[in-house]
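[1] sequence first, predicted coordinates after that:
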There are 2 protein chains.
Amino acid sequence: MSSVDKQLEDLKAEIEDELPPGISVSDVKYEGPELVVYTRDPKEFASNGDLIRKLASKLRKRITVRPDPDVLMDAHEARERIRSVIPEDAGVTDLDFHVDTGEVVIEAEKPGMVIGRHGSTLREITKEIGWTPEVVRTPPIESSTVSNVRNFLKQEREERRDILERVGRQIHREEMADEQWVRITTLGCCREVGRASFILSTAETRVLVDCGDKPGAEGEVPYLQVPEAAPLNSIDAVVLTHAHLDHSALIPLLFKYGYDGPIYCTEPTRDLMGLLSLDYLDVATKEGRTPPYESEMVREAIKHTVPLEYGDVTDIAPDVKLTFHNAGHILGSAVSHFHIGDGLYNVAFSGDIHYEDTRLFNGAVNDFPRVETLVLESTYGGRNDYQTDQEDSERNLLDIISETHEQGGKVVIPAFAVGRSQEIMLVLEEAMRTGKIPRMPVHLDGMIWEATAIHTTYPEYLRDDLRDRIFHEDENPFLAEEFNHIDAGEDERQEVTDGDPAIILSTSGMVTGGPIMSWLRHLGPDPDSTLVFVGYQAQGTLGRRIQNGWDEIPMNDRERGGRGNTLSLNMNVETVDGFSGHADRQGLENFVKTMNPRPEKVLCVHGDERSVQDLSSALYHDYNMRTFAPKNLETFRFK
Amino acid sequence: MSSVDKQLEDLKAEIEDELPPGISVSDVKYEGPELVVYTRDPKEFASNGDLIRKLASKLRKRITVRPDPDVLMDAHEARERIRSVIPEDAGVTDLDFHVDTGEVVIEAEKPGMVIGRHGSTLREITKEIGWTPEVVRTPPIESSTVSNVRNFLKQEREERRDILERVGRQIHREEMADEQWVRITTLGCCREVGRASFILSTAETRVLVDCGDKPGAEGEVPYLQVPEAAPLNSIDAVVLTHAHLDHSALIPLLFKYGYDGPIYCTEPTRDLMGLLSLDYLDVATKEGRTPPYESEMVREAIKHTVPLEYGDVTDIAPDVKLTFHNAGHILGSAVSHFHIGDGLYNVAFSGDIHYEDTRLFNGAVNDFPRVETLVLESTYGGRNDYQTDQEDSERNLLDIISETHEQGGKVVIPAFAVGRSQEIMLVLEEAMRTGKIPRMPVHLDGMIWEATAIHTTYPEYLRDDLRDRIFHEDENPFLAEEFNHIDAGEDERQEVTDGDPAIILSTSGMVTGGPIMSWLRHLGPDPDSTLVFVGYQAQGTLGRRIQNGWDEIPMNDRERGGRGNTLSLNMNVETVDGFSGHADRQGLENFVKTMNPRPEKVLCVHGDERSVQDLSSALYHDYNMRTFAPKNLETFRFK
Ligand SMILES: [Zn+2]
Ligand SMILES: [Zn+2]
Ligand SMILES: [Zn+2]
Ligand SMILES: [Zn+2]
Ligand SMILES: [Zn+2]
């Protein structure tokens, strides 16, 4: 008998000991980090108050109870009964019964009403039908990404269960290593922005944290070919801090190269990764590059994803526990905390963070029981990288909008689809609602609409007052009537151009392609309109050039067969900083300063050479910690 | 056709172009780092002055010319002719003909006379017989190690040729890496003395430098299980700086774990490694530990050894050239210089060094065209680790010997078999020859005699004036009549004990076992005799305890069935420092200071925590270099 089977047998006996008489356990299995308990008495299980919670805390495992297939109530009857238990107002849009596991997935507009106070309605459902209910939110704005991912996972359910069982046995294997150490190897994003990737290793386990691309330098990918990462199938787990391509783009590539294990990330990160990596392939093809992998690999990645919620302490290897915490950067972004061994060592990877609250998100969490080493992003770590307060920035933006409106022009804002667009939407919605600017249409072009739809699917990941508005007051600001999705292409853009004052939010954020090019063609010549940059424009992008004063813009207009024709830019050009998704220098220092206890060591990464050096030396001098500005391909040992 | 075959074909064509008419090339092969040229016209090749030298410098390869087997002169006839060419005085002791390669190995007491001025006699031999002569020295003192190694290699000749051909093709393979980097990973001997082991890696190549044990902590072996070293058979080359067990003990283990490539070291290092690692297995068995490998693996290691001479620049991988330089530490010890890429980077590993000349060896070489990073031993790197001048130490030792002689006692010197024993032998020989101390027998017990025999086999590796004495004047000091090999066990020791004043040099050097225990039993109770420590006594050894004043010594005397009986130590105990094989703090600083150009970076290793920190900070402050005191399991990137 393998050690895992022995372990499961022991767990089964222990559970049986704990259960009141009359409740049986027919089987016990691992599925990923969870322990699945099959019972012939699901209804009795549900009736016994917080039995599951007690078991979980006794065994120190995440526990799911499922009915033994033999005792399942007929799905047709169960459907009726569920409908009778759940209040009408919950807005159930779909019920999906899985006979193989006895689970029923309930999609509802108001998941809270399906769950009930402290889960009471869910327990009621099980008591009625014996099936195990699982709840997901019906996207308030239809999202093709969310429905594609959900349908795909439904379809791959069986294979996924095999994967999870394999992963579960792997996580709970017997520890073999007779040495102890904790190391981090840098595979990318050191003294550079882009291609985030690290290996966190112990004598027992190897974890890959992030695997991104380097925008503008497509050949420079993480150093996956080094022995520390080889062979890829020997890596225990991949942890993805957030969906931005500089952290996620090459995750699907891992599967092409033989990785076959779990991807841990939050649920919104999974969906956004799907959206962004498919777009990444698309852009590569359009630009005439060979994409590094096929879209099939994106599906593999999604199939291998094990979603975790903020605060869940999860075993991902015999000697590694992972906990995600809100990072305040984009939807689902996570500071990733690793607890290694039995109190041996703790490492946190910041991923990308925003320390202050924004309209969209609460500020990054920096409160951990223990962290000896922090791997810290340093995008704005330079000595002069202080940003304008968002309040001032907003006033500035609204002034520009008002002036442009007065002179009858239109405001065009190039923006990244994920994060900054939604932040600006919230600013605009409030300003119009409170009369700070006149009401006018806000047109959303490119992936912004889809990204917004994903945001509204996961309100739990948004700032608490925003979430409350969405939950309790039916005041979802993203559903404001001013917002219009540009979904009819050039005709619609022409119409907007010919129409009354309006605001346009369009990708790409750095004016390197996408519908923003079309908006420039339409509105660039108009001296009454204004182009407003609200995000960082990288060296070498058209956005940066326009910021620098270019007013003759080469338009490589493939669609119209044109080549080399030039556009005269007569519209006003403004820049409003302060909307960054990254902590500025002050925010980074505050993040570290307010940690308690402070980490002993900080590795400053994810910033250009000057930024990481500046931040590293400032943290060393001001807070007396050991700080490093690693190079790629170095290994640090901590224990 | 493989790229190596293509390369060989091109080389053959190039050689044919260079050769005068009438000299043919029948085949061209790699054997290890050498290019072997087979010809039907070996005699003509030999007649053409320095044709081989010219070819070698044109092709930038090490070249060996061998006769095509078809044209070989009969061995019996060749034997006669050789005898007629070589002067009688050369003292030929063996001729060994290898029909498969057309080589004849000539073992002679005076190899110089077989070689002739600038190789003239060797060329004469080839002109006469067509065979390719190779010369080895007849050990002036019979050495079972040397003869065992030579016989073994003779017997394994065919497999060895297969290995070398495979290694040669591996070295000259096409470079596949499309990235460039140079890294060092520390697998041992960082902030500790013992288990020296490093990986030097590029995108193309991995080289393991040393693989030793940690005396007194047998469980602590180099971290070979980390991904940087896995799988072992993917490592291109193993480089051994010298034969001490803390650098070599686990080299044979590599073959047990799947390594099947070359070991680069000097010829004496190969033989000493054979001697010491077999003894290592022996000691482990005697102490009741399970040896980590069988003696068969020692033979594997010897079979895979590619011996290099000091100063030979040798390709060991497509992008790595290795050059050994005298390290002044023990026989055959080498500072190992790596030139990486085409001028990309240079790293030198000091191994263990002695910077000043000693009686046995010239001081360590520190003169390299370029070295950007130096990996430096720090055994005596501590701020107070200054040693007495050897001159003073010798006077001190001779005084003690004279006094003991006057009072009719005997001098017992525990000493390491390799290095320090021979140094002391030279001191004693001179002192008696020049009348500084009375002539008296010097008894050599344990492996000292055998180690001395190996020294006399390789006089080229000894200090130049010592070598000259051995070569030209037949004044080999190791053959002085005072030296006696204790080879008749306890009876002989009893005889010595009962006899006139004498000096005894005996292993082990730290009084942890071996014949020194027997000498303590014999002479320990004698108040007229003296025990003199001339080497470092580690914490926890009996030697250190005696130094600290213990005079009741527990004797676990298995041979006599005794247990726990105690010996009263009445003999005098003296310590004379200054005979170390390691550079002291001043020597280490001088080694670095006089390098020109100085390295940019120095990694201080092979010393206890305090020593590496002290040395690292001193070199940083005094010479303004970037210095590090790495931990085990860290990786540094240099390019
Ligand atoms: Zn990001
Ligand atoms: Zn990032
Ligand atoms: Zn040594
Ligand atoms: Zn050593
Ligand atoms: Zn072999």
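    Happy to help now that I have it. Ligands and ions are numbered 1, 2, ... in the order given.

[2] residue A:90 and residue A:458: what is the separation?
    Between residue A:90 and residue A:458 the computed distance is 18 Å (CB to CB, to the nearest Å). C-beta: built from backbone N, CA, C; applies to glycine.

[3] report whether the host helix or strand of residue A:268 contacts ligand 2.
    Using DSSP states H and E, residue A:268 sits within helix A:267-286. No - residues of helix A:267-286 contacting ligand 2 under CB under 5 Å from the ion: none, with a closest distance of 12.3 Å.

[4] what helix or strand is the spatially closest residue to residue A:47 that is not a sequence neighbour located in?
    Leaving aside its chain neighbours, residue A:47 sits nearest to residue A:127 (5.6 Å; criterion: CB to CB, 6 or more residues apart in numbering or on different chains). Secondary structure from DSSP H and E places residue A:127 in helix A:120-129.

[5] what's that helix in contact with?
    Contacts made with helix A:120-129 from outside it, assessed by CB atoms under 8 Å, 6 or more residues apart in numbering or on different chains, are listed as A:42-43, A:45-47, A:73, A:77-78, A:81-82, A:85-86, A:104, A:113-116, A:131-133, A:135.

[6] hmm, try it at 7 Å
    With contact meaning CB atoms under 7 Å, 6 or more residues apart in numbering or on different chains, helix A:120-129 is reached by A:42-43, A:46-47, A:73, A:78, A:81-82, A:85-86, A:114-116, A:132-133.

[7] using CSV, write down the CA coordinates of it.
    Coordinates of each C-alpha in helix A:120-129 appear next as CSV, following Å, rounded to 0.1, in the frame of the first residue of the first chain:
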residue,chain,number,x,y,z
SER,A,120,-27.9,28.0,5.9
THR,A,121,-29.7,27.8,2.6
LEU,A,122,-27.0,25.6,1.1
ARG,A,123,-27.3,23.2,4.0
GLU,A,124,-31.1,23.3,3.6
ILE,A,125,-30.6,22.2,0.0
THR,A,126,-28.4,19.2,0.9
LYS,A,127,-30.8,18.2,3.7
GLU,A,128,-33.6,18.2,1.0
ILE,A,129,-31.8,16.5,-1.9
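
[8] list the buried residues in that helix.
    Buried residues in helix A:120-129, counted by 16 or more other CB atoms under 10 Å in any protein chain shown: A:121-126, A:128-129.

[9] now flag whichever of those is closest to ligand 4.
    Nearest to ligand 4 among those, counting by CB to the ion, is residue A:122 at 66.6 Å.

[10] please report the distance of that closest one from ligand 3.
    For residue A:122, the distance to ligand 3 equals 70 Å [CB to the ion, to the nearest Å].

[11] in contact with the residue nearest to the spatial centre of chain A, which residues?
    What sits nearest the mean C-alpha location of chain A, by CA atoms, centre = their mean, is residue A:269, with 2.6 Å. With contact set as CB under 7 Å, 6+ apart, residue A:269 has these partners: A:240, A:242-243, A:332.

[12] quick check, pLDDT for it.
    Listed pLDDT for residue A:269 reads 98.

[13] repeat that for residue A:54.
    pLDDT for residue A:54: 89.

[14] just the helices in the stretch 351-500 of chain A please.
    Taking DSSP state H, counting those that start in this stretch as the criterion, the stretch 351-500 of chain A carries its helices at A:390-406, A:420-433, A:448-457, A:464-472, A:489-498.

[15] should've said the stretch 151-300 of chain A
    Ranges of helices in the stretch 151-300 of chain A, per DSSP H, counting those that start in this stretch, are A:157-171, A:245-248, A:251-256, A:267-286, A:295-303.

[16] taking the stretch 201-350 of chain A, what residue is nearest to ligand 4?
    Nearest residue of the stretch 201-350 of chain A to ligand 4, counting by CB to the ion: residue A:203, 25.4 Å away.

[17] same check on chain A?
    Across chain A, the shortest distance to ligand 4 (CB to the ion) belongs to residue A:637, at 21.7 Å.

[18] how many residues are close by that residue?
    The number of residues packed near residue A:637 is 17, by other CB atoms under 10 Å in any protein chain shown.

[19] so how far is the helix holding residue A:127 off the chain centroid?
    Helix A:120-129 sits 31 Å away from the centroid of its parent chain (CA atoms, centre = their mean, to the nearest Å).

[20] next structured bit after it?
    strand A:132-137.

[21] give me the contact list for that following strand.
    With CB under 7 Å, 6+ apart as the test, strand A:132-137 has contacts from A:42, A:65-67, A:102-108, A:111, A:114-115, A:122, A:125-126, A:457.

[22] try it again at 6 Å.
    Residues external to strand A:132-137 that are found in contact with it (CB atoms under 6 Å, 6 or more residues apart in numbering or on different chains): A:66, A:102-107, A:111, A:114-115, A:122, A:125, A:457.

[23] and those, which of them are in strands?
    Counting by DSSP state E, the part of the contacts of strand A:132-137 found in strands is A:66, A:103-107.
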